[in-house]
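In: Fold the following and give me the result.
(one chain, ligands or ions: 1)
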Amino acid sequence: MGERGKVRKVRRVRIGISACLLGERVRWNGDHKREPFLVETVGKFVEWVPVCPEMEIGLGTPRPPVQLERAAAKDGGGTRLVEIESRRDLTKKMDAFAARRSKELAALDLCGFILKKDSPSCGLERVKVWSGSKSTRSGRGRFAEALLAALPDLPVEDEGRLRDPGVCEDFFERVFARRRLAAADRARFMAALRKRAKPSK
Ligand code: SF4
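Out: Now for the predicted structure:
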């Protein structure tokens, strides 16, 4: 076969993602949080690596909801991941899983990660932290925390921030910069990104 007949196989850029954003029914209430733009536009160009930390620690679906709570000062004052009704503390279990899974993800040559906003496990920023009946938007999901610690240079965003066209373009520029893609592939992707319909709030 001559040079012209050769098919050059280029592996797609790999991006980790909170599984519920792809439409997987893994949420506590048995539902999903499918983001059409990610599935239908971005999905044509990338290989997703879906992760649902709460499913992967064996909580199943549907499951009792969890939340972040402020630990007492004598316990370090950080956050705890707690099942709301039963008061079961899942912090150690989630942290052990998150550290192990982040190492596995680091070996997969990921170029970015898209997290589900507001989640006590996946949320990137401003996640509610409860102290009794009051909450402040001051936390980060326990899985997100471990992911950022294990992969400090990885481009990471949440689906809420990606609805801003400027943030979105900057994120994918950083993602694609990690892989030397053919200029044409990259240009096609960026064109598709700019053409997307304005998402509803
Ligand atoms: S936010 Fe994270 S833990 Fe919650 S359902 Fe989505 S992937 Fe699973």
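
In: Next up, the contacts around the residue nearest the centre of the chain.
Out: The centroid of the chain falls nearest to residue 115 when counting by Cα atoms, centre = their mean (2.2 Å). Going by Cβ atoms under 8 Å, 6 or more residues apart in numbering, residue 115 touches 17, 18, 122, 123, 124, 141, 144, 147, 156, 157, 158, 159. To be clear about C-beta, it is placed using only N, CA and C from the backbone, and glycine gets the same treatment.

In: Residue 48: neighbour count?
Out: 18 (other Cβ atoms under 10 Å).

In: Look up which residues are beta-bridged to it.
Out: Under DSSP bridges, the beta-bridge partners of residue 48 are residue 15.

In: Mind pulling up the pLDDT for it?
Out: What the model reports as pLDDT for residue 48 is 98.

In: And residue 33, its phi and psi?
Out: Main-chain torsions, residue 33, degrees, to the nearest 10: phi -140, psi 50.

In: From residue 39, how far out is it?
Out: Using Cβ to Cβ, to the nearest Å, we find residue 33 at a distance of 11 Å from residue 39.

In: Out of those two, name the residue with the larger neighbour count.
Out: Taking other Cβ under 10 Å, residue 33 and residue 39 do not tie; residue 33 has more neighbours (18 against 15).

In: Now that one. Nearest residue, chain neighbours left out?
Out: Leaving out its chain neighbours, the residue that sits closest to residue 33 by Cβ to Cβ, 6 or more residues apart in numbering is residue 20, at 4.5 Å.

In: for the ligand, what are the nearby residues on the protein?
Out: Contact residues, the chain versus the ligand (Cβ under 6 Å from any ligand atom): 18-20, 26-27, 52-55, 116, 119, 121-122.

In: show me where the protein has helices.
Out: Remark: helices assigned in the chain by DSSP state H are 36, 53-56, 91-106, 142-150, 165-177, 183-195.

In: Touching the fourth one from outside, list them.
Out: Right, helix 142-150. Residues from elsewhere that reach helix 142-150 (Cβ under 8 Å, 6+ apart): 16, 51, 53, 68, 79, 81, 91, 94-95, 97-99, 101-103, 105-106, 113, 115, 120-124, 140, 154, 156.

In: Write a ChimeraX command that selects only the buried members of those residues.
Out: In ChimeraX, this line selects whichever of those come out buried by 16 or more other Cβ atoms under 10 Å:
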select :16,51,53,68,79,81,91,94,97,98,101,102,105,113,115,120,121,122,123,124,140,154,156
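
In: can you list the residues of the chain next to the ligand in JSON lines and add pLDDT and distance to residue 72?
Out: Formatted as JSON lines, these follow (pLDDT from 0 to 100; distance: Cβ to Cβ, whole Å):
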{"residue": "18", "pLDDT": "98", "distance to residue 72": "30"}
{"residue": "19", "pLDDT": "98", "distance to residue 72": "33"}
{"residue": "20", "pLDDT": "98", "distance to residue 72": "31"}
{"residue": "26", "pLDDT": "98", "distance to residue 72": "32"}
{"residue": "27", "pLDDT": "98", "distance to residue 72": "30"}
{"residue": "52", "pLDDT": "98", "distance to residue 72": "30"}
{"residue": "53", "pLDDT": "98", "distance to residue 72": "25"}
{"residue": "54", "pLDDT": "98", "distance to residue 72": "24"}
{"residue": "55", "pLDDT": "98", "distance to residue 72": "30"}
{"residue": "116", "pLDDT": "98", "distance to residue 72": "28"}
{"residue": "119", "pLDDT": "98", "distance to residue 72": "24"}
{"residue": "121", "pLDDT": "98", "distance to residue 72": "22"}
{"residue": "122", "pLDDT": "98", "distance to residue 72": "25"}
